[in-house]
Structures are given as C-alpha cells and as structure tokens.
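In: Here's my sequence, what's the structure:
(one chain, ligands or ions: 2)
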Amino acid sequence: MDIIHLLPDSVANQIAAGEVIQRPASCLKELVENSLDAKAKRIQVIVRDAGRTLLQVIDDGIGMSEMDARLAFERHATSKIREAQDLFSLRTMGFRGEALASICAVAQVEMTTRRAEDETGTLIEIQGSEVVRQEVCACPVGTNIKVSNLFFNVPVRRKFLKTDQTELRNLLTEFYHIVLVYPKVSFTFVHNDEILLELPAGTEKQRIEAVFGNPKRNVYTSAFVDVATDTDLVSIHGFVVKPENATRKAEQYFFVNGRYMRHPYFQKAVLTAYSGMLANDYQPSFFLYFTINPEAIDVNIHPTKTEIKFADEQTIFQILMAAVREALGKFTLAPTIDFDTSGQIDIPVLHDQPVVQPQVTVDHSYNPFKKRDTVIYPDRQPAPRHWETLYEGLQKTERLTDRIPAEPEEPLLHAADLESCALWQYGGKYILVPTQQGLVLVNQHRAHVAILHARFIDQIRLTQGAMQQLLFPEVLSLSPEDMVLLEQIADDLRTIGFDIEQLSPDSYSIQGVPAQLINQSPIPILQHILSQVRERGADTPTEWREQIARTMAESAAIPYGKTLTETEMRDMMQRLIALPQYRRTPEGKIILSLLSDDEISKRF
Ligand code: ADP
Ligand code: MG
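Out: Ligands and ions are numbered 1, 2, ... in the order given. A predicted model of the protein is given here:
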C-alpha cells in the first residue's frame, strides 16, 4: 500500500506559518511591510490586547483587484518577483509571497481593498485558510486588513506567547524598526483605544525625534553629529551622538537598503571609533543607514531574522569606523570629557545604619578613562584577517563573564585572616589582605557590589527595603514600551524602596528612593534598570528582580578612588566572606586574587 499523501493546504500552511508568524510582532511586521510595498503614504496600526485579539493595518496604498485580493492569500503568491533572477535586485520588503498565506492559516482575517481605478472594492473573509466570504463592497482606496484571534487554532502557539506587556513591547520594537526607515510615511499606533505613537511625515531626524525624542528616551537630536560617506562599495549616512551625550541606555540602529539589521560586528566598528571617549558602561546612540548594491548582501534571508550577511564585511568595518571617527572629529579635534573631580565623593551606606561621613580625599590624578583599552583598534594593529574567529572570541568572553562559577571554590579568605592582621588599601582600588597563603588583593568596588547585590535580593524577597523620601520629587518620562515595562516591575521597585507613582500616560513621579541610593540621581538608575530588564529579556519576577538588584548594587557600591578606613575595610571583608559566592560579582567578574607566597619569593 502506498503510504505517502499530500497534506491539505490548510495543514501545510499552518506548519509553514510557524516559520513566518511566530508572534503578534512578526504578523505586524509583515502587514506593515506589505503596506509600504504598496506605496502607502499613511499607515494606521490598531492593536487590541497586544495583538492577541486584534491586529489591524489600514493603508492608503495601491490596493488590489478582486482577483489579486483572492490570490494574495495563496502560498507563493506575490506581485514582487517573477523569476529567480529578480531575487538579486530586490527593492521591496516582501518577496516570498508567504506572509498572508501564513497569517490566514492561523487567524481570522478580514480584508477590504480597492484600487484607485476601481469604483468598488473587495471584501474577503478567511478563517484558517478557508475563504468564508467574498463580496463587492464600498471602501476607500487602499487596503484595510484585520487579523483577529491570532493562533485561535494553534493552542500551543497561543500558550507560548508571553505577557501582554512583553508582546506589546515586541510590537513596538518591530514598529520602530520600520518607521525609522520610512520617515516620509506617516504612522499611527493605537493600542486598546489609546494612541501610543503619532508620527507625521518628515525627515529622518524628525522621525527619530518623534520616536525617541527627549525627554522620553534621552536621545537628543541636538546632540547628533552627521555621518556621511560614499564609496564604491557602500554609502552610509545617519547620525551618531557626541561622546558626552552617551548614556547607559542607548538606542543603536543599523539599516540596510531600507531594512533594519542587527550587526554586532559593525556595532564594534562604531564603538571603536569612540574608543577612549566614553565612560565605563556608557554607550552612544546611533542611527546609521547603509545603501549597498543588493547583490553584495544576502537577500535570501529568513523572514524573521534580522542578521544580514555582507560580501565584504571587513572593508565595510573600516569604512564605517573611519566615517564615524571623521564625524566625531569634525566637532572637536581632541574630544575630551568633563568629569567631576571636584569636591567630595558620595559615601554610600556600608552598614545597615548610615555611617558618619568620614574624611574623604580625592585622587585628582585618577582617571578611569585612561584605562580603557579593552576595545580592539583595527588601525593600531594589523587588521584581523579572520574577523569571524576574532569576533567569536569576543562573544565568548562576554558569555564567560556572565557565568557564575557553579562549584564552590577553595576559600581564599578565612575569618581568622581578618582578625589579627593589618589591612591596607592600594591605589584607591584594592584592599590588601595578608593571609597564610600569600597576599590577597580585593577589588573594593566589586566586593561592595557583591555585598549589596545579596542585600537587595534579600530585601525584595522579604519586602523590607528602607525608603528615603526625596526633598523634591523627580519626574521620569518614558517611551510607551518602557511605561509598560515599568508597570510590570513597579511593585518590586516599591518593595526595594522606590516610592513611584504614575503621573501621566508617559511619566512616573519619583518621591522616594532606597536609602542606599539617597545621594544619587534616581532617574539614570531607573532608566538603567529598565534597559537591563529590556535587553536581557527578563520576563519573570525572578529575572527582573535579579536585574534590579544588580543595577542597584552597581550604582550604590563605593567607587574606585574612595579612601577607606581600616574599620571600613575590615567590615567590608567580613561581609564579603559571609556571602555564599564571594569570589565573583553576580556578573561573574573576579573580586579577589591571590598573590601567592611562592610568587612573592620568586621575585627575590
Ligand atoms: P509578499 O509581500 O512576499 O509578496 P504577501 O503574502 O505578504 O507576500 O503578500 C502577497 C501579495 O499580496 C503581495 O505581493 C501584494 O501583491 C499583495 N498585497 C499584500 N498586502 C497588500 C497591501 N497592503 N496593499 C496592496 N497589495 C498587497
Ligand atoms: Mg509581504
């Protein structure tokens, strides 16, 4: 008996849909890209329940004929390419003819569409790939497509979706990727009847401002420097911020031929251009648009992937880095950063009660920026021939520092070591502890980070953070997607001691802060927490609490350059060794290092 048979279209489409439509955001992307391909000048996005119940896209594009309206939902039905050769000169966003077929396999779709030359339009309704209604209708020129109850027939997919907050964030992220390359098209984004974004047509800079503008996202278009370069291989234009406008939470975007792309290697090129100009942890925002012959990039990319392969990435790295460096050089020949070396350094609380402020001396010669040579300088070293290997290496080190050693290590410090001996501080940075085995060097900042991290985690768990009222409440303005995020983690922030209340649809007021942070500005800290939660995709309470504790510990820990009294050092060491993991910070950075007796004797 023959056992092979063809799957019915509805089943085949459902399987294939898994590839293209993974979540509401991928559906939105496909619909909006279709509108752009149809030359729409105005696109409205209407969403309900983060796209679970409704995703609607209304455009004023070219519309479809009655026949095309029906064909559009067939797999591999496209008006955009005719033969394989066309793939190499692609100028449209879509070309696979898969999106609509995939969407209608996993949702209920209703579409009305009309071309300018037709008097009447077409209404078509499809459920799970079956056309259930098609009729003539009156409607404006353009296409109005309504996708309801996404994954209504795929319970597994539905379950796989994250919280509404997360899915809405994904929708907005996808939306930004598109609107930033089409500034001449006007867009609106409505969620549950609330207008989240209203973007009039304008220039690229105006669009960036409308999406991320100050004070919502700390991207000041006034701080932009223009980048422009035109070579045979590629032309690049766009904006980067001046080094002093770098932030902890930067917006970094690359686009190629009108498409968003992720490109960690090119990101390194930009960061390299800034080397020596940025403070630790600070990142420049940038928006860089590449135009390149489509033949020089791999177009046959997976529809949901944002990585794009270039033919000659190493050369583009050099071109990009030079262009950014030149742009930065234009506004100042020798970029310098003012950083505050005057006066006292804030003393965070080391003990449970605030300590009496000790006398503090500041080492004016200490300059953290001098020490930054961890970035690769392709112009100082011979350009790496096999950048992939090099880059893999970089990724590996990043991953390694994320790792916390699982097995307990041989203790380097014992309580007894701390009792009798004298402790010394070296370079405003290390605490020196003589022990039986040699001299232990302890990084004071990292030690304090680990101590505070453990304490913050406990405070969230036991809901007992101490709050300190602010004299003057501060206002934190946020983008729609960060509003959603903050709402999600607000209770945990309150537990740890933030007194925050929603003030308006796009801001929170901060009336109190955790006692440990009283000397610091709460806004950058909250922004940093949000960006960490966002970037690390911390979706569960345990994950985002970890990010909150890490960020707060990093902010509240004593800085390098702070002189410590012997009592403070001893106290800190005792707290450190009481931790279950005291050799590395929660980020995996080494806290202490042993200079063994042997090593010391070898020197003499
Ligand atoms: P692709 O975009 O890869 O061609 P889709 O499944 O997304 O495949 O769309 C199929 C076809 O339907 C498109 O090629 C286009 O002709 C037509 N179409 C889809 N959306 C629109 C729209 N908003 N306006 C006009 N035509 C559209
Ligand atoms: Mg398409």
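In: which one is the residue in the stretch 151-300 of the chain that ligand 2 sits nearest to nearest to, not counting chain neighbours?
Out: For the stretch 151-300 of the chain and ligand 2, the shortest gap (CB to the ion) falls at Ile178, measuring 12.3 Å. (C-beta placed from N, C-alpha, C; glycine too.) Nearest residue to Ile178, sequence neighbours excluded (CB to CB, 6 or more residues apart in numbering): Val32, at 5.4 Å.
In: Please tell me I have it right and the residue of the stretch 151-300 of the chain closest to ligand 2 contacts Tyr253.
Out: No: Ile178 lies out of contact with Tyr253 (CB atoms under 8 Å); the separation is 11.4 Å.
In: what is in contact with the two at once?
Out: Tyr260 (CB atoms under 8 Å, 6 or more residues apart in numbering).
In: So for these two, which residue has more residues nearby?
Out: Remark: of Ile178 and Tyr253, Ile178 carries more neighbours, 23 against 20, as counted by other CB atoms under 10 Å.
In: Now the helix or strand that contains the more buried one: average pLDDT?
Out: Ile178 belongs to helix 164-179 when assigned by DSSP states H and E. Here helix 164-179 scores 93 as its mean pLDDT.
In: list the buried ones in that helix?
Out: For helix 164-179, a neighbour-count test (16 or more other CB atoms under 10 Å) marks 164-172, 174-179 as buried.
In: just stretch 468-480 next, same as before
Out: Neighbour-count burial for stretch 468-480 flags Leu476, Ser477, Leu478, Ser479, Pro480 (criterion: 16+ other CB under 10 Å).
In: same thing with stretch 492-502?
Out: Within stretch 492-502, the residues that count as buried by 16+ other CB under 10 Å are Asp492, Leu493, Arg494, Thr495, Ile496, Gly497, Phe498, Asp499, Ile500.
In: hang on, the fifth one packs against Ala515?
Out: No: using CB under 8 Å, Ile496 is not in contact with Ala515, being 10.2 Å away.
In: Mind listing the shared neighbours of the two?
Out: Residues touching both Ile496 and Ala515 by CB under 8 Å, 6+ apart: Gly465.
In: what does the stretch 251-400 of the chain have sitting close to ligand 1?
Out: For the stretch 251-400 of the chain, the contact set with ligand 1 under CB under 6 Å from any ligand atom is empty.
In: so where's the chain uncertain?
Out: Where the chain drops to pLDDT under 70, the residues are 10, 15-19, 80-96, 214-218, 299-306, 331-410, 463-464.
In: Can you spell out which residues form a bridge with the closest residue to Trp424 other than its chain neighbours?
Out: With sequence-adjacent residues excluded and distances taken as CB to CB, 6+ apart, Trp424 is closest to Leu432, at 4.3 Å. Leu432 has these beta-bridge partners by DSSP bridges: Trp424, Leu441.
In: since we're on Leu432, how many residues are nearby?
Out: Number of residues near Leu432 (other CB under 10 Å) recorded here: 16.
In: wouldn't it be in contact with Gln444 here?
Out: No: with contact defined as CB under 8 Å, Leu432 does not reach Gln444; the gap is 10.6 Å.
In: shared neighbours of the two, anything?
Out: When contacts are counted by CB under 8 Å, 6+ apart, Leu432 and Gln444 are jointly contacted by Gln425.
In: Convert the C-alpha atoms of stretch 565-576 to CSV, please.
Out: Taking Å, rounded to 0.1, in the frame of the first residue of the first chain, the C-alpha atoms of stretch 565-576 are listed here in CSV:
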residue,chain,number,x,y,z
THR,A,565,39.4,53.4,56.9
GLU,A,566,40.7,50.2,58.3
THR,A,567,37.5,49.6,60.1
GLU,A,568,35.5,50.0,56.9
MET,A,569,37.8,47.6,55.1
ARG,A,570,37.6,45.0,57.8
ASP,A,571,33.8,45.4,58.0
MET,A,572,33.6,45.0,54.2
MET,A,573,35.8,41.9,54.2
GLN,A,574,33.8,40.3,56.9
ARG,A,575,30.6,40.9,55.0
LEU,A,576,32.2,39.7,51.8
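In: Could you list the buried residues of stretch 562-574?
Out: Lys562, Leu564, Glu568, Met569, Arg570, Asp571, Met572, Met573.
In: Could you dump these into a markdown table with secondary structure added?
Out: As requested, these are exported to a markdown table (DSSP: H, G, I helix; E, B strand; the rest coil):
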| residue | secondary structure |
| --- | --- |
| Lys562 | coil |
| Leu564 | coil |
| Glu568 | helix |
| Met569 | helix |
| Arg570 | helix |
| Asp571 | helix |
| Met572 | helix |
| Met573 | helix |
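In: For the protein, what lies in contact range of ligand 1?
Out: Applying CB under 6 Å from any ligand atom, we find that the chain lies next to ligand 1 at 30, 34-35, 37-38, 59, 61-64, 72, 77-80, 94-101, 143.
In: Please spell out the ChimeraX selection for the buried subset of the residues you listed.
Out: Command for ChimeraX, covering only those of the residues of the chain next to ligand 1 found buried under the criterion 16+ other CB under 10 Å:
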select :30,34,35,37,38,59,61,62,63,64,72,78,79,94,95,96,97,98,99,100,101,143
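In: Strands - which of the residues of the chain next to ligand 1 land there?
Out: Asp59, Thr143 (DSSP state E).
In: Tell me which entries of the residues of the chain next to ligand 1 lie within helices.
Out: With DSSP state H as the criterion, helices contain Glu30, Asn34, Ser35, Asp37, Ala99, Leu100, Ala101 from among those.
In: farthest pair in those?
Out: Largest separation among those by CB to CB: Ser35 and Ala101, giving 17.4 Å.
In: Pull the residues that contact the one helix or strand Gly329 maps to.
Out: Secondary structure assignment for Gly329, by DSSP H and E: helix 313-331. Residues from elsewhere that reach helix 313-331, judged by CB under 8 Å, 6+ apart: 225-229, 231, 233-234, 236, 240, 242-243, 265-266, 268-270, 272-274, 277, 286, 288, 290, 310, 335, 378-379, 383-384, 387.
In: Kindly recompute the last result at 6 Å.
Out: Here helix 313-331 makes contact (CB atoms under 6 Å, 6 or more residues apart in numbering) with 225, 227, 229, 231, 234, 236, 240, 266, 269-270, 272-273, 310, 387.
In: Just the buried subset of those, please.
Out: Judged by 16+ other CB under 10 Å, buried ones among the contacts of helix 313-331: Val225, Val227, Val234, Ile236, Val240, Phe266, Ala269, Val270, Thr272, Ala273, Phe310, Trp387.
In: who touches the strand or helix carrying the fifth one?
Out: Looking back up the chat, that one is Val240. In this assignment (DSSP H and E), Val240 forms part of strand 234-241. Identification of contacts with strand 234-241 by CB under 6 Å, 6+ apart yields 223-225, 227-229, 284-292, 316, 323-324.
In: Quick one: list the elements packing against the strand or helix carrying Arg70.
Out: Using DSSP H and E, Arg70 maps to helix 66-71. Packing contacts for helix 66-71, counted by 3 or more CB pairs under 6 Å, 6 or more residues apart in numbering; DSSP states H and E, involve strand 121-127.
In: Let me see the contact set for the closest residue to ligand 1 within the stretch 101-250 of the chain.
Out: Relative to ligand 1, the nearest point of the stretch 101-250 of the chain is Thr143 (3.7 Å; CB to the nearest ligand atom). By CB under 6 Å, 6+ apart, the contact list for Thr143 reads Asp59, Gly63, Thr113.
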